[in-house]
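> build the 3D model from these lines:
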Amino acid sequence: MALNRVVLIGRLTADPELKYTPSGVPMARFTVAVDRNQAPNAQGEKETDFIPCVTWRQSAEFAGNYLHKGRLVAVEGRIQIRKWQTQDGQNRVFTEVVCDRVYPLDRPRQEGEAGAATGDARGPGDRSAPVSADDDDPFAEQ
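Okay, the predicted model is just below:
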């Protein structure tokens, strides 16, 4: 038996890039910044991994239309590793998370609220609860 399952919680480093395949299937690419759960490095800084993600169909449209840089998200999916050889013979490897589900974990900031100008999805001291189905969020579970 094999299992390839990933769950990540982190912040979007940029707005998701929503595109459509020639047959009209939505696809969104984005990167999630995930802090490591360990002591700061020698310079006193937290270490962060920047993980490329891709999602398709309904999740892609949701991400492209409702998620923005700085939002706290949870993604659930699988790791995919693509290997190829360039025309000049160099081997390349690309690893990404193919997301089945994308969940916003904070509330979007309105223009002018604390944190909106910096791209931070939360203002000082704001520890927003996960978005619920009654928050006008089309992706929230019912």
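> so, low pLDDT: which residues of this protein?
Residue ranges of the chain with pLDDT under 70: 39-42, 110-142.
> let's see that with 90 instead.
Low-confidence regions of the chain, defined by pLDDT under 90, span residues 1-2, 36-47, 106-142.
> residue boundaries of the helices in it?
For the chain, helices defined by DSSP state H occupy the ranges 57-66.
> which residue lies nearest the spatial centre of it?
V32 (4.3 Å; C-alpha atoms, centre = their mean).
> what about the closest residue to that residue other than its chain neighbours, neighbour count?
Among residues not flanking V32 along the chain, G10 sits closest, at 4.1 Å (C-beta to C-beta, 6 or more residues apart in numbering). For the C-beta atoms, the positions are set from N, CA and C on the backbone; glycine is no exception. Counted with other C-beta atoms under 10 Å, the neighbours of G10 add up to 21.
> so what's G10 up against?
By C-beta atoms under 8 Å, 6 or more residues apart in numbering, the contact set of G10 is V32, A33, V34, D35, I51, L72, V73.
> show me which of these is closest to E61.
Closest approach to E61 among the contacts of G10 (C-beta to C-beta): V73, at 15.1 Å.
> disregarding flanking residues, what is the spatial nearest neighbour of K46?
Nearest to K46 is D35, by C-beta to C-beta, 6+ apart, at 5.3 Å.
> oh sorry, the question was meant for N91
Nearest to N91 is Q85, by C-beta to C-beta, 6+ apart, at 5.6 Å.
> tell me who's in contact with the residue lying closest to T86 once chain neighbours are set aside.
Of all residues not flanking T86 in the chain, R92 sits nearest, at 6.1 Å (C-beta to C-beta, 6+ apart). By C-beta under 8 Å, 6+ apart, the contact list for R92 reads K83, W84, Q85, T86.
> tell me how far the residue lying closest to the first one once chain neighbours are set aside lies from K19.
Okay, so that is K83. Nearest non-adjacent residue to K83, counting by C-beta to C-beta, 6+ apart: V93, 5.2 Å away. Distance of V93 to K19, computed by C-beta to C-beta, to the nearest Å: 23 Å.
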